[in-house]
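Colleague: Give me a 3D structure for the following:
(one chain, ligands or ions: 1)
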Amino acid sequence: MKREPWLGTPGSTIEILNKYGFRFQKKYGQNFLVDGNILDGIVRAAGVGPEDSVMEIGPGIGTLTQYLAYAAKQVYAVEIDRNLIPILEDTLSDWDNVEVIHSDILKLDLDRFVEERNGGAPIKVVANLPYYITTPILMELLEKNLPIQSITVMVQKEVADRMQAGPGSRDYGALSLAVQYYTEPEITAIVPPGCFIPRPNVDSAVIRLTKRTNDKIPVRDEELMFRVIRASFAQRRKTMMNGLRGSKELNLSREMAEEAIRRAGFPANVRGETLTLEEFARLSDEILDIAAVAP
Ligand code: SAM
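Modeller: A predicted model of the protein is given here:
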């Protein structure tokens, strides 16, 4: 029988923090969860069961890790703060299915990691993410084509809204398109500041990103499409034409940009924030053709 989680209340958290004289490091985005219902909800939203291997990013003092270890077959928890490692050894000592890795998640060779630890079989990523690097972490997980089934994360509510936003909305941008190209996003909970120690300044949200397998939008050059998307949103007030022309990543002449927009069937003054993912794919395919015949 596995031991049930015992962290996840303000009292047990403060006791551990005091026992080790732990000092929060602002630069690491440390806001620890102290609400059992939210912790249960994250594990449920991620659909973690006894067959699953889970990677947790930033275990902190091991609160969510206990809940994951209780539900999953195996948990790999990657923590950057050296001061938390001895605490994790203590709080996770009742579970033999957790491995703590002391590393910066952005410096870990994730492909190799999943291959070595899990024989390349898909894992679930679950985390209460450090908010200062939410986007770089998600882009790393999405773009690398890693064997990941789903990513269930706590993020700032405003960032979760951006991930789910559609064309025409104020929140729509490069992050929405990247997330929706690779995954199907669903916000599963809104979480107020009082569920954390220390309290963050903003509301948070739990969002589940389920990896797409066979239903990705067809596009001939994925990387080119994301260069086109970045160029279109680099300066929001500019038209698509000016965004494309001005992009160092694309290197298109005015004529080429005009021709691509025309061939894709958009008006000359079209703006990126109105285009769907399918339309960006179409534009990117036209640019590929035009660039291929350019002198
Ligand atoms: N999972 C814990 C919880 O829910 O109570 C802590 C979450 S806290 C928001 C974020 C955690 O990520 C902290 O423990 C922090 O030290 C860690 N962290 C920050 N940057 C990191 C990085 N680049 N790689 C790995 N962990 C990181």
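Colleague: so what's the closest residue to residue 91 other than its chain neighbours up against?
Modeller: Taking Cβ to Cβ, 6 or more residues apart in numbering, and ignoring the residues beside it in sequence, residue 91 has residue 62 as its nearest neighbour in space, at 3.8 Å. Glycine gets a C-beta too; all of them are placed from N, C-alpha and C. The neighbourhood of residue 62, defined by Cβ atoms under 8 Å, 6 or more residues apart in numbering, consists of 7, 77, 87, 88, 91, 92.
Colleague: Could I get the phi/psi values of the second one?
Modeller: Here the main-chain torsion angles of residue 77 (degrees, to the nearest 10) amount to phi -120, psi 120.
Colleague: Wasn't residue 124 part of a strand?
Modeller: Yes: assessed by DSSP: H, G, I helix; E, B strand; the rest coil, residue 124 belongs to a strand.
Colleague: looking at it, it is touching residue 49, isn't it?
Modeller: No: with contact defined as Cβ atoms under 8 Å, residue 124 does not reach residue 49; the gap is 9.6 Å.
Colleague: which one of those two has more residues nearby?
Modeller: For residue 124 and residue 49, the more surrounded residue by other Cβ atoms under 10 Å is residue 124, and the numbers stand at 23 against 11.
Colleague: beta partners for the more buried one?
Modeller: residue 54, residue 150 (DSSP bridges).
Colleague: Can you tell me how far it is from the ligand?
Modeller: Distance, residue 124 to the ligand, by Cβ to the nearest ligand atom, to the nearest Å: 15 Å.
Colleague: Residue 223 should be in a helix, yeah?
Modeller: Yes: checked against three-state DSSP, residue 223 lies within a helix.
Colleague: Counting neighbours, what do you get for it?
Modeller: 11.
Colleague: Just the buried residues of stretch 35-46, please?
Modeller: 35, 38, 39, 41, 42, 43, 45, 46 (16 or more other Cβ atoms under 10 Å).
Colleague: Now for the residues you listed: which two are most distant?
Modeller: 35 and 46 (16.5 Å; Cβ to Cβ).
Colleague: in the worst-scoring helix or strand of the chain on mean pLDDT, what's buried?
Modeller: One helix or strand of the chain scores below all others by mean pLDDT, DSSP states H and E: helix 240-246, with a mean of 89. By 16+ other Cβ under 10 Å, the buried positions in helix 240-246 come out as 240, 241, 242, 243, 244, 245.
Colleague: my guess is the first one contacts residue 266, does it?
Modeller: This points to residue 240. Yes: using Cβ under 8 Å, residue 240 is in contact with residue 266, at 7.3 Å.
Colleague: quick one: common contacting residues for the two?
Modeller: residue 275.
Colleague: For the stretch 101-250 of the chain, which residues are neighbours of the ligand?
Modeller: 104, 105, 106, 128, 130, 133 (Cβ under 6 Å from any ligand atom).
Colleague: Please indicate which of the residues you listed has the highest neighbour count?
Modeller: Neighbour counts for those, by other Cβ under 10 Å, peak at residue 128, which reaches 28 neighbours.
Colleague: Who is it paired with across the strands?
Modeller: Assigned bridge partners for residue 128, using DSSP bridges, are residue 154.
Colleague: Contact partners for residue 175?
Modeller: 135, 138, 159, 162, 163.
Colleague: Give me the subset of those lying in helices.
Modeller: If you go by DSSP state H, these have 135, 138, 159, 162, 163 in helices.
Colleague: Surely the last one and residue 207 touch.
Modeller: Yes: when contacts are counted by Cβ under 8 Å, residue 163 is listed as touching residue 207 (6.1 Å).
Colleague: Now do the shared contacts for these two.
Modeller: 155, 185.
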